[in-house]
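# Model the following, please.
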Amino acid sequence: MKSTRYLKYAFGEILLVVIGILIAFQVNNWNEGRKQRIEETKLLQSIKVDFEQTKATLQALNIRREESLSNFKRLIEVRNSGDFSNELHIDTLLAKATFTPTYNGNTSSIAIVINSGKINLLSNDSLKSMLLAWPSQIENLIERELDAKVVTNEEWVPFAQRYTSVNDWFKNYSFPAPSKERESKVSKDYKGLFNDRRFENTITKLELLYIAAKSRTNGLINSTNSIIEIIDEDLENR
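All right, here's what the predicted structure looks like:
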């Protein structure tokens, strides 16, 4: 009988130890899960801030592209009018045509999430997929922007400066430039510029590249809206 009671007592002690270990293990898991949820929440908030800023940047870029397209339209209108007497106006339009809107692709939290493996902290699979696809979407946009920059720097500027004075292009701008105080000695031939076939051809290429970049940017803006919406829903349900 004594041995039976001893075995029951020993078994009870072992059972209590096992239960204690299981409870401790469960509490530890709960604490780890709580820490992960807190870290995920901070990560979601950081990603949201980045994408809100990115969205604003992308919208501003498309506004600049619209301005560039409008500027090209005004240059074509000057060509069609045949009136090249307003040199300051034409020079200003030529200067504006040298500015190529570009996106620097700076979404620091996304780089951290992907490169550090923290993307595994995110519980929403749809959000994971969209974040993983984001870098390639940005790369596609930047390719179009670089194409436009190449056409601007290697075709448009070298061509336009053959007929006009780069010195005078920026006379109407507020930022300080030595050319504002300098009289140009370069002879200008606006009629030759507008009648050269390269004028319309180069502008057409730039217009097509800006329209393509604008379309890709609109797609990115739609993606930012979806990402922000998913994040808001996740944060609201916590």
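
# Going by C-alpha atoms from here, please, whenever you check contacts or count neighbours.
Will do.

# Settle this for me: residue 147 is touching residue 207, isn't it.
No. Judged on C-alpha atoms under 8 Å, residue 147 makes no contact with residue 207 at a distance of 11.7 Å.

# Which of the two has more residues huddled nearby?
Under the criterion of other C-alpha atoms under 10 Å, the comparison of residue 147 against residue 207 puts residue 207 first, with 20 against 15.

# On the three-state scheme, residue 98 is what?
Secondary structure for residue 98, judged by DSSP: H, G, I helix; E, B strand; the rest coil, is coil.

# what's the distance between the residue lying closest to it once chain neighbours are set aside and residue 165?
Closest residue in space to residue 98, ignoring its immediate chain neighbours: residue 152 at 6.2 Å, by C-alpha to C-alpha, 6 or more residues apart in numbering. Plainly put, residue 152 is 17 Å away from residue 165 if you go by C-alpha to C-alpha, to the nearest Å.

# now do residue 201
Computed with C-alpha to C-alpha, the distance linking residue 201 and residue 165 is 21 Å.

# ok, residue 132 - contacts?
Contacts for residue 132 (C-alpha atoms under 8 Å, 6 or more residues apart in numbering) come out as residue 114.

# Tell me the confidence at it?
For residue 132, the model assigns a pLDDT of 89.

# can you tell me the helix or strand for it?
For residue 132, the enclosing helix or strand under DSSP states H and E is helix 125-151.

# follow-up on the earlier one: report pLDDT for the residue nearest to residue 98.
96.

# Repeat that for the one 5 residues further on.
For residue 157, the model assigns a pLDDT of 95.

# What of the one 3 residues further on?
We have a pLDDT of 96 for residue 160.

# now swap in residue 143 and tell me
The model's pLDDT for residue 143 equals 88.

# Please determine how far it is located from residue 114.
Between residue 143 and residue 114 the distance is 22 Å, computed by C-alpha to C-alpha.

# higher neighbour count, those two?
Neighbours were counted for residue 143 and for residue 114 using other C-alpha under 10 Å; residue 114 has more, 15 against 12.

# before we move on, back to that, let me know how buried the residue nearest to residue 98 is, in neighbour terms.
Residue 152, neighbours per other C-alpha under 10 Å, totals 21.

# Distance of it relative to residue 95?
In terms of C-alpha to C-alpha, residue 152 sits 11 Å off from residue 95.

# now swap in residue 163 and tell me
Taking C-alpha to C-alpha, one finds residue 163 at 14 Å from residue 95.

# Kindly report the same for residue 233.
Relative to residue 95, and taking C-alpha to C-alpha, residue 233 is found at 46 Å.

# Neighbour count for these two, which is higher?
residue 95 (19 against 10).

# do you know how far the more buried one is from residue 42?
45 Å.

# Against residue 156, how distant is residue 84?
On the measure of C-alpha to C-alpha, residue 84 and residue 156 end up 19 Å apart.

# wait, I meant residue 128
Distance from residue 128 to residue 156, by C-alpha to C-alpha: 42 Å.

# which helix in this structure runs the most residues?
As assigned by DSSP state H, the longest helix anywhere in the chain is helix 2-81.

# If anything else comes up later, I'll come back, but that's it for now.
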